[in-house]
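Q: sequence plus the predicted model coming up.
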Amino acid sequence: MLNIEKFENTYIITLEPYAKKISFEKIFKDLKEIGVDVEIVYELSREGEVVLKTDIEDINYISKIMRTINYICHILKLKYVVRYEDFDNVVDMLKRLCMDTLREVLDRYRCRNFRVVCKRIYKKFPITSVELCRIVGIELSKICEVNLENPECYIYIEVRRGIILVGYSTNVSYVKIREVIPHNILNYVEVIVLEPLTIYEYMDLIQLARAINVKLKILDKSGRSINMIYEACNKLGIDKPENVDVCYLEDCFKDVDYIVVLSQYAIHGESVLQELSYNIISRGRRLCLVLGNEIEDVPIEIRDFAHCEIRLGPMTGHAMRSTTAIAYALGVILSKFSKRLTQWL
């Protein structure tokens, strides 16, 4: 048996991970201070999420106000709560309710495309979140175009034990804008590191490559590097990232246009790295940074391939760790793009 409850002026608010433990009282107080009077619907809340009822009808307007509270992440408008005892007819009902919801969004906000987002919190629900998105998305595509990359609106489904929430959000309300350097800049940079000596250095390098999505190659000398990469990933509890691999001296520079060795013994400093990296990347050419490992600097046979050598930091006589040097160098490169970002885009 299905029981459907319709909501007006009610919003699902998700919180940033660091704020999941805060009390409802603090949320209520912080919203009150910015002029939003709310009633917290406790029975529909969970850790990291709260449902609020207000007298404000427009989701874009309320999200503009709520965005002044930094720990608020996604903002969605709740339209229906479906209470169910078994799974019979649930999917057909969801397709109908989501269709009604999408029609309202299209009429109110003139959106041209959509995406379905589903959270299956109750794992015994017989349809996965991905499959439910597909089923509902096919139905909704009869009246609106699907856009998975940058949709103008989101249709939201949250499956819990005994209840399902259906709502929507617009792009400006759902997506929290964060200031970032565009990812495509780092698509033109790769890093080669002389074969590390310890598993911990492998772990550091892999984590850095994952975090900033830069291509990392380990220059293999002993034939052990690929096994060390897998061992490091196993210790980290992850699969081997696609952007981490091994290379060999005879072919390590075949896909790059300009090679820079990072070394404490170089003459040129950060200003040269900024200028040459900007000139190379902005013309669509590939830049390769080459570093030693924790003990060894880049040997002469590799330096012979380089177009330039760069020293990082003040003259202390001490070398940086490989992961630190990579992060430092990329920060130097990206800071140049942040100054000229508008021109580059």
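A: Structure's in. What do you need? Because the structure is predicted, anything quoted here is derived from the model rather than measured.
Q: how distant is the lengthiest strand in the chain from the center of its chain?
A: Criterion DSSP state E: the longest strand present in the chain is strand 72-84. Centre-to-centre, strand 72-84 and its host chain are 23 Å apart (Cα atoms, centre = their mean, to the nearest Å).
Q: show the average pLDDT along it.
A: For strand 72-84, the mean per-residue pLDDT is 94.
Q: partners of it in the sheet?
A: Taking DSSP bridges as the criterion, strand 72-84 forms sheet pairs with strand 2-6 (antiparallel), strand 10-15 (antiparallel), strand 163-170 (antiparallel).
Q: need the winner for burial among those strands.
A: Burial of the strands paired with strand 72-84 is given as mean neighbour count (mean count of other Cβ atoms under 10 Å); strand 163-170 ranks first at a mean of 23. For the C-beta atoms, the positions are set from N, CA and C on the backbone; glycine is no exception.
Q: which outside residues touch that strand?
A: By Cβ atoms under 8 Å, 6 or more residues apart in numbering, the residues outside strand 163-170 that reach it are 12, 44, 59-60, 74-84, 90, 94, 97-98, 101-102, 104-105, 109, 111, 152-158.
Q: now the buried members of the residues you listed.
A: Among these, the ones that count as buried by 16 or more other Cβ atoms under 10 Å are 12, 44, 59, 74-82, 84, 90, 94, 97-98, 101-102, 105, 109, 111, 152-158.
Q: name the helix or strand for residue 91, please.
A: helix 90-109 (DSSP states H and E).
Q: now for that helix, which elements pack on it?
A: On a contact count with 3 or more Cβ pairs under 8 Å, 6 or more residues apart in numbering; DSSP states H and E, helix 90-109 meets strand 2-6, strand 72-84, strand 113-120, helix 129-140, strand 153-159, strand 163-170.
Q: save those as TSV, and put in distance to residue 221 too.
A: What follows is the helices and strands packed on helix 90-109, written out as TSV (distance: least, Cβ to Cβ, whole Å):
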stretch	distance to residue 221
strand 2-6	65
strand 72-84	46
strand 113-120	47
helix 129-140	43
strand 153-159	50
strand 163-170	52
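Q: what's the burial count for residue 304?
A: The tally of other residues near residue 304 (other Cβ atoms under 10 Å) stands at 7.
Q: how's this structure carved up into domains?
A: The chain breaks down by automatic domain parsing into domains covering 2-174, 183-344.
Q: closest to residue 54 out of the helices and strands packed on helix 90-109?
A: Judged by Cβ to Cβ, the one of the helices and strands packed on helix 90-109 that comes nearest to residue 54 is strand 72-84, at 10.5 Å.
Q: now do the residue nearest in space to the middle of the chain against residue 323, distance only.
A: A centroid search over the chain (Cα atoms, centre = their mean) returns residue 211, at 9.5 Å, as the residue closest to the centre. Here residue 211 is placed at a distance of 10 Å from residue 323 (Cβ to Cβ, to the nearest Å).
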